[in-house]
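Novice: Based on what follows, work out the 3D shape:
(2 chains)
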Amino acid sequence: MSAEPGSLEAALRARRSGGGKALVPYLTGGLGHWQAALAAAADAGADAVEVGIPFSDPVMDGPVIQEANDRALAAGTTPLGVLDALGRLDVGIPVAVMTYYNIAFRFGLERFASVLAEQGVAAAILPDLPLEEAGPWASAADAAGVETVLLAAPTASDERLGRICARTRGFVYGVGLLGVTGVRDELAASAVVMAGRLKQITDVPVLVGVGVGTPAQAEEVCRVADGAVVGSAVVRRMLDDEGPAAVGRLIGQFRRAVD
Amino acid sequence: MVTMAEPAGGQFGEFGGRFVPETLVPACEELEAAFRSAWADEGFRGELNRLLADYAGRPSPLTECHRLSEELGLRLLLKREDLNHTGSHKINNVLGQALLAARMGKTRLVAETGAGQHGVATATAAALLGMDCVVYMGEVDIERQALNVFRMKLLGAEVRPALSGSRTLKDAINEAMRDWVATVESSHYCLGSVMGPHPYPWMVRELHRVIGDEAREQCRRLLGADPDVVTACVGGGSNAIGIFSGFVDGTAALVGVEPAGGAAIGRGVPGVVHGAKSYLMQDEHGQVLEAESISAGLDYPGIGPEHSHLAAIGRARYETVADDEVVAAFELLSRAEGIIPALEPAHALAWVSRARQELAGQTVLLNLSGRGDKDVDQMMDRLGGVDSRAGSDDGSPG
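Specialist: Modelled structure (predicted):
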């Protein structure tokens, strides 16, 4: 599998210009039958997929993804193991890895970026690497042709959102609420507000995640956003060992809801 | 000459920074600006100094250990942070942060704790200022520090267990950061050490600077000079930075003492966790290792970034001691001086005791960062009840 530089942003823009909404599921690399789940998600209509490289201290994640990280690490998952597996897969949609900065830092930033590119990974999301600290990584990623997706949070001023949108690649990841990843009963009002503020500022695709846990919530946020990122709801099914088909069915429900 | 100025951009040489989720960046910027303004405000400083004196009991004394000095062949001075209200140096930082939080309009304090000393101090400050308080504590630490858990509850705080990972201090920090991400508008994260994202390493150092400032004056009155060596235990490193700050621009040797099972500088390499770049115990893949020591307060795989910087430039050195040496030092100070230390500063004494040949004839200032009441149960289990030495089992009639 290989990725053309910019393939994530190109895929999301193509979905938008076709009048559709983008659906990007997250799943934890190394957890159970994650490779089959990834293929099932692609078959069910995901536009791109985020694969988590598990980390020991995922401060931006709630209980579900924490447990997924712990289980994957206990099963011996390593960053290179996940990346090698991604290199052997071809699911036909862009793949972004999501992990924490220390994984890339320990690898060596240039080396991490080049391994991502070699394994066909289009983009990287590092949720503990804010704009001010992103320079060294972003340079390495740019040089390797890897897109760096930055997060934008409700606490930021419009001025700050503008700087984030100018530096992000692939899409801008709007954080839907004040809090960590996880499914909530209702979509926070802040999710739609976040999408609206970002849409005013940028032409880059605006996807909202964190607290988008049901098809109805995805549909609601996508009335404003260009798409949604869905993590804990997917990972919950993986933790419950419901099999790749259950992940595919769930993604199918999200697909129908946002279409 | 090495000085401790405000770190430009939160950088201590190549260490430090602000590696936090985007949600928290504006909060860190707001906190940085609020602290800079408060620290330059005589009204704020006066209010804090009044609390430190009238409530916490500062200045803390300097105690010369005559019997132990003779036994070790050196001159040992203790900076008595164990005599502060709540039993450790932690109160210095917490009173400052709680006043700052109130000044910023925050109504709730969130904290992490390892041994429970920082949690108790935070709960105390929250009670004093009428604020809500939630303290995260690893499930393992809740079991081994039951007394402090009860103290926090008495003080009106809610203690929430950290159930993930190693279920110790590092995981309690993760939980506190997750709480702060969700409650940042109303809550202040009252971080307990010189670690975390900028401005914490700088702010917490400034709030503990009083330890070093007092100790320097006390040493100059007693000795007419600085001591030869200044030593303190290091987990995150707040008590050590506090006392080092009084001597860093002089010639005294600065020695931080880490537990062998939590030696970020002794066994780590640079990494990024909990908001800062610093030395970190981690595996070849970048996964953070679980620290394991007898002392819950030092059970941390990282270290504050300024310590990494002081080590990198050679201004301070960092030694490690094993649990057995710590227990021996705990007993030694109890018997020789009538002071039961917390297990954390017993690490520093363990190093002094081991290095006594190297230190022969020198004056050593040790920061006695906390008292041992909280550790008595744990030591009773380990030591199985201390033999009385005077000997009621020696066959002589009672």
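Novice: does the residue of chain A found nearest chain B sit in a helix, a strand or a coil?
Specialist: Taking C-beta to the nearest C-beta as the measure, chain A has A:Arg106 as its residue closest to chain B, at 3.1 Å. Every C-beta, even on glycine, is put in place using the N, C-alpha and C of the backbone. Following DSSP: H, G, I helix; E, B strand; the rest coil, we place A:Arg106 in the helix state.
Novice: got a list of what the residue nearest to it when sequence neighbours are not counted touches?
Specialist: Nearest residue to A:Arg106 in three dimensions, chain neighbours excluded: B:Gly286, at 3.1 Å (C-beta to C-beta, 6 or more residues apart in numbering or on different chains). Residues in contact with B:Gly286 (C-beta atoms under 8 Å, 6 or more residues apart in numbering or on different chains) are A:55, A:79, A:102-107, B:271.
Novice: picking that back up, shouldn't the residue of chain A closest to chain B be in contact with B:Lys277?
Specialist: No. Applying C-beta atoms under 8 Å as the test, A:Arg106 and B:Lys277 come out as separate, 11.6 Å apart.
Novice: of those two, who's got more company?
Specialist: Shown here are A:Arg106 and B:Lys277; by other C-beta atoms under 10 Å in any protein chain shown, B:Lys277 has more neighbours (24 against 20).
Novice: Would you confirm that the more buried one belongs to a strand?
Specialist: Yes. Assessed by three-state DSSP, B:Lys277 belongs to a strand.
Novice: Tell me who's in contact with it.
Specialist: A:105, B:14-17, B:19, B:270-271, B:305, B:308.
Novice: The same query, at a cut-off of 6 Å, please.
Specialist: When contacts are counted by C-beta atoms under 6 Å, 6 or more residues apart in numbering or on different chains, B:Lys277 touches B:15, B:17.
Novice: Likewise for A:Pro94?
Specialist: Applying C-beta under 6 Å, 6+ apart, the residues near A:Pro94 are A:7-8, A:11, A:48, A:122.
Novice: Tell me the one of those residues nearest A:Ala191?
Specialist: A:Ala48 (19.5 Å; C-beta to C-beta).
Novice: so what's that closest one closest to, chain neighbours aside?
Specialist: A:Pro94 (4.4 Å).
Novice: Quick check: the gap between B:Leu223 and chain A.
Specialist: 44 Å (C-beta to the nearest C-beta, to the nearest Å).
Novice: excluding its backbone neighbours, what's nearest that residue?
Specialist: Once flanking residues are discounted, B:Leu223 sits nearest to B:Thr363: 6.3 Å by C-beta to C-beta, 6+ apart.
Novice: Now do the phi/psi pair for the one you found.
Specialist: Dihedral pair for B:Thr363: phi -100, psi 120, per degrees, to the nearest 10.
Novice: Now do the SS call for the closest residue to chain A within chain B.
Specialist: The minimum distance from chain B to chain A, using C-beta to the nearest C-beta, falls at B:Gly286 (3.1 Å). Look at B:Gly286: counting by three-state DSSP, its state is coil.
Novice: swap in B:Met152?
Specialist: Relying on three-state DSSP, one would call B:Met152 helix.
Novice: Assess the claim that it and B:Gly119 are in contact.
Specialist: Yes. B:Met152 lies in contact with B:Gly119 (C-beta atoms under 6 Å); the separation is 5.2 Å.
Novice: Common neighbours of the two, please.
Specialist: Common neighbours of B:Met152 and B:Gly119 (C-beta under 6 Å, 6+ apart) are B:Val135.
Novice: Tell me which stretches of the stretch 51-200 of chain A form helices.
Specialist: With DSSP state H, counting those that start in this stretch as the criterion, the stretch 51-200 of chain A has helices at A:63-74, A:79-88, A:101-107, A:109-118, A:135-144, A:158-167, A:189-201.
Novice: tell me what the last one is packed against?
Specialist: Taking 3 or more C-beta pairs under 6 Å, 6 or more residues apart in numbering or on different chains; DSSP states H and E as contact, the helices and strands that helix A:189-201 lies on are helix A:158-167, strand A:172-175, strand A:206-209.
Novice: Chain B contacts on the stretch 51-200 of chain A?
Specialist: Proximity of the stretch 51-200 of chain A to chain B is confined to A:56-57, A:59-60, A:66, A:78-79, A:101-103, A:105-106, A:127-128, A:130, A:133, A:151, A:153, A:155, A:178-180 under the rule C-beta under 6 Å from any C-beta of the partner chain.
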